[in-house]
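# Need coordinates for the below:
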Amino acid sequence: MDAHSWISSGTADAMKTLTDPSDKIIYEMHQYLDSDGSGTATACVSSTIGKERIAVATQWLKDNKKKGILGETAGGANSQCIAALSGMLQNMLDNSDVWTGWMWWAAGPW
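Below you'll find the model as predicted:
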């Protein structure tokens, strides 16, 4: 589930009460940058869509003192997607108090 949908679907509210005495819970989300967030298109919505799409998740993580990871992300091999991914990753680095990392998804026929 993409980061924005994860928050808006109610899943985040249901999950925020989880506790671990060792404080090792990390919330895994996906975030693709194409028009429907599926990762099936090579075109990204805009050069800033990555940062925009993780903003709500970043704020939720901060508000709830949680940590997250992007378990899947990708974008097309073009300048707009490279800018969108770079902006998203820089934003995650700037908010490394809540983001623990990310993984590139590169499976499938495309």
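# Just to be sure, Thr100 is in a strand?
Yes: assessed by DSSP: H, G, I helix; E, B strand; the rest coil, Thr100 belongs to a strand.
# For the chain, identify the residue most remote from the centre.
In the chain, Pro21 marks the outermost C-alpha relative to the chain mean, sitting 25.6 Å out by C-alpha atoms, centre = their mean.
# Now do the SS call for that one.
coil.
# ok now do Lys66, which residues does it touch?
Taking C-beta atoms under 8 Å, 6 or more residues apart in numbering, we find Lys66 in contact with 16, 25, 27, 60, 98. Every residue, glycine included, has its C-beta placed from N, CA and C.
# Would you map the helices across the chain?
Shown for the chain, the helices assigned by DSSP state H span residues 3-8, 11-15, 49-63, 79-94.
# And the second one, what's buried?
Residues of helix 11-15 classed as buried: Ala12 (neighbour count, 16 or more other C-beta atoms under 10 Å).
# and it, what's its mean pLDDT?
Mean pLDDT, helix 11-15: 78.
# re the thing from before, any chance of the contacts of Lys66 in CSV with distance to Gly50 as columns?
Formatted as CSV, these follow (distance: C-beta to C-beta, whole Å):
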residue, distance to Gly50
Lys16, 24
Ile25, 24
Tyr27, 18
Trp60, 17
Val98, 16
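# Highest neighbour count among these?
Greatest neighbour count in those, by other C-beta atoms under 10 Å, goes to Tyr27: 22 neighbours.
# was I right about that residue contacting Met15?
Yes: between Tyr27 and Met15 a contact is recorded at 6.6 Å, counting by C-beta atoms under 8 Å.
# Overlap in contacts, these two.
Joint contacts of Tyr27 and Met15 (C-beta under 8 Å, 6+ apart) do not exist.
# Would you enumerate the residues in contact with Met15?
Tyr27.
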